[in-house]
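1. Fold the following and give me the result.
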Amino acid sequence: MSCSVRVHVGLTADPDHVFDVLQDFESYPRLTPAVREVHILDRTPEVITSRWAVNFRGGVLQWVERDLIDPVARTIAFDQLEGDFHRFSGVWTVSARGDRTVVEFSSEFDLGMATLAQILNPVAMRALQENISLLLRGLFGDHLEPQGHVEDLQAV
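-> Predicted structure coming up:
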């Protein structure tokens with residue numbers, strides 16, 4: 001069973017600066033308790049391959065992902081290459097809307113445990129949303145708009 005998580009947040013920061021911060025994966029462990037480690041395995045201007053370890057509901061999830069960086073569109077599309085999820089992919093989008101910047105995280109994942117999906121998926125969706133919220137607070141806490149956070153969780 002596939003699940004999707006979307007998180008939107010409004011910021012009072014320049015969208016190009018926000019995009020630069022988002023693609024600096026190596027800084028994440030210093031800025032948020034949600035991320036334990038990020039190791040860059042390969043990097044070009046358009047593609048980053050990295051190994052991640054994140055705190056997840058009292059445990060640690062690990063994976064390797066490939067990120068496609070598009071600075072013109074301000075998007076970072078990612079796909080898990082290997083790791084703890086059966087499937088994990090998504091996109092970060094940074095856009096200017098009037099005098100504010102909006103960051104959207106949208107992802108789909110599958111834990112690969114069909115028999116336990118009804119129990120585990122809601123917990124995993126909520127935990128992923130909480131981790132993304134922690135990450136955004138760690139990266140942009142001083143620039144978050146009050147009550148600028150909207151979430152959408154869905155199991156398909």
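2. All the helices of this structure, residue numbers only.
-> Secondary structure of the chain (DSSP state H): helices located at 15-22, 28-31, 117-140.
3. so how far is Ala34 from the nearest residue to Thr75 once chain neighbours are set aside?
-> Once flanking residues are discounted, Thr75 sits nearest to Thr93: 5.2 Å by CB to CB, 6 or more residues apart in numbering. C-beta here means a position set from N, CA and C on the backbone, and glycine is covered the same way. Going from Thr93 to Ala34 by CB to CB, to the nearest Å gives 20 Å.
4. repeat for Arg51
-> Arg51 is 16 Å from Ala34, by CB to CB.
5. quick one, which of the two is more surrounded?
-> Ala34 (20 against 16; other CB atoms under 10 Å).
6. And the more buried one, what's its pLDDT?
-> Note for Ala34: predicted pLDDT of 84.
7. rewinding a little: can you list the helices of the chain in JSON lines and add mean pLDDT?
-> Converted to JSON lines, the helices of the chain look like this (pLDDT from 0 to 100):
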{"stretch": "helix 15-22", "mean pLDDT": "95"}
{"stretch": "helix 28-31", "mean pLDDT": "91"}
{"stretch": "helix 117-140", "mean pLDDT": "71"}
